[in-house]
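[1] heads up, no residue letters with this:
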């Protein structure tokens, strides 16, 4: 690795290249996307990556998300590969990754370590009704379905070391460990149920967002926050973001989103580098 670049800077450089390839394909096929989560926060607060962040989060309206999923594999230049459940049965997520197939990392946050390529996350954006009764019922169905699909692949995806979990979540995780929950629940059934649940409503509803995000219902915001989108600088490129991106960030991170977190909270994800296949390594 170059003396001038840290590991995280090399990772960010590789992920920016993946992002550029994603944007190229979206522009070619006129697909809508929005930077979400830490990527949007980085664009607003740092005009690029949050210095300690090591991933990129993108959302697409479900219609455009499905169009992207159904593109031919050769739409993406080597070494980039779009990975989802449709083309990779071992990929057990309700969203997609665009990966750099020449890189390898070992994810260590769950009970079972697993190898991945560096990626950017591509999330579907779905709707939530404004009607109070429909909204309440859909929120409860979503939370239950999300919990069940996560428990059905407990050892692979549930982060046992996550801090500040509510007591109920800690209790459920402890019980799941004791009874070996994966042998009780059917992953294919609950994954189908989960995707069917979150994709029930579109962006014509009063609320919309990324149901698969870390902040759960906090990521469901008034649909007009997305609007027709805006553009912001991210590193050396321009990216698409929600039209009301300040309101979006306040909804998820609170009014003080521009304030840096304490230093002990500025940590990357849990993984070990195997190979970055780069001249900088």
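    Everything's here; your move. As the structure is a prediction and not an experimental result, all values here were calculated from the model.

[2] Count the residues that sit near residue 27.
    Number of residues near residue 27 (other Cβ atoms under 10 Å) recorded here: 11. For the C-beta atoms, the positions are set from N, CA and C on the backbone; glycine is no exception.

[3] pLDDT on the strand or helix carrying it, on average?
    Residue 27 is located in helix 7-29, with elements delineated by DSSP states H and E. In this model, helix 7-29 has an average pLDDT of 95.

[4] which SS class is residue 231?
    Following DSSP: H, G, I helix; E, B strand; the rest coil, residue 231 is assigned to strand.

[5] Could you check how many residues crowd around the nearest residue to it once chain neighbours are set aside?
    In this structure, residue 231 finds its nearest non-sequential neighbour in residue 238, 4.9 Å apart by Cβ to Cβ, 6 or more residues apart in numbering. For residue 238, the count of nearby residues is 11 (other Cβ under 10 Å).

[6] same question, residue 73
    Neighbour tally, residue 73, other Cβ under 10 Å: 9.

[7] Distance-wise, check it relative to residue 147.
    The gap separating residue 73 from residue 147 is 33 Å, by Cβ to Cβ, to the nearest Å.

[8] ok, now residue 226?
    In terms of Cβ to Cβ, residue 226 sits 27 Å off from residue 147.

[9] ok so, going back, need the contact partners of the helix holding residue 27.
    1-2, 5, 31-33, 49, 51-56, 58, 67-68, 71, 75-77, 80, 98-100, 103, 118-120, 122, 234-237, 239, 268, 273, 276, 278, 280-281 (Cβ atoms under 8 Å, 6 or more residues apart in numbering).

[10] Of those, which belong to strands?
    Among the contacts of helix 7-29, the members falling in strands (DSSP state E) are 58, 80, 98, 99, 100, 119, 120, 122, 234, 237, 239, 273.

[11] residue ranges for the helices of this structure, please.
    For the chain, the helices defined by DSSP state H occupy 7-29, 37-46, 62-69, 132-151, 154-157, 167-179, 187-198, 245-253.

[12] which residues does the closest residue to residue 95 other than its chain neighbours bridge with?
    Spatially, and ignoring its direct neighbours in sequence, residue 95 is nearest to residue 123 (4.6 Å; Cβ to Cβ, 6+ apart). For residue 123, the beta-bridge partners under DSSP bridges are residue 59.

[13] gap between residue 44 and residue 187?
    As judged by Cβ to Cβ, residue 44 and residue 187 stand 37 Å apart.
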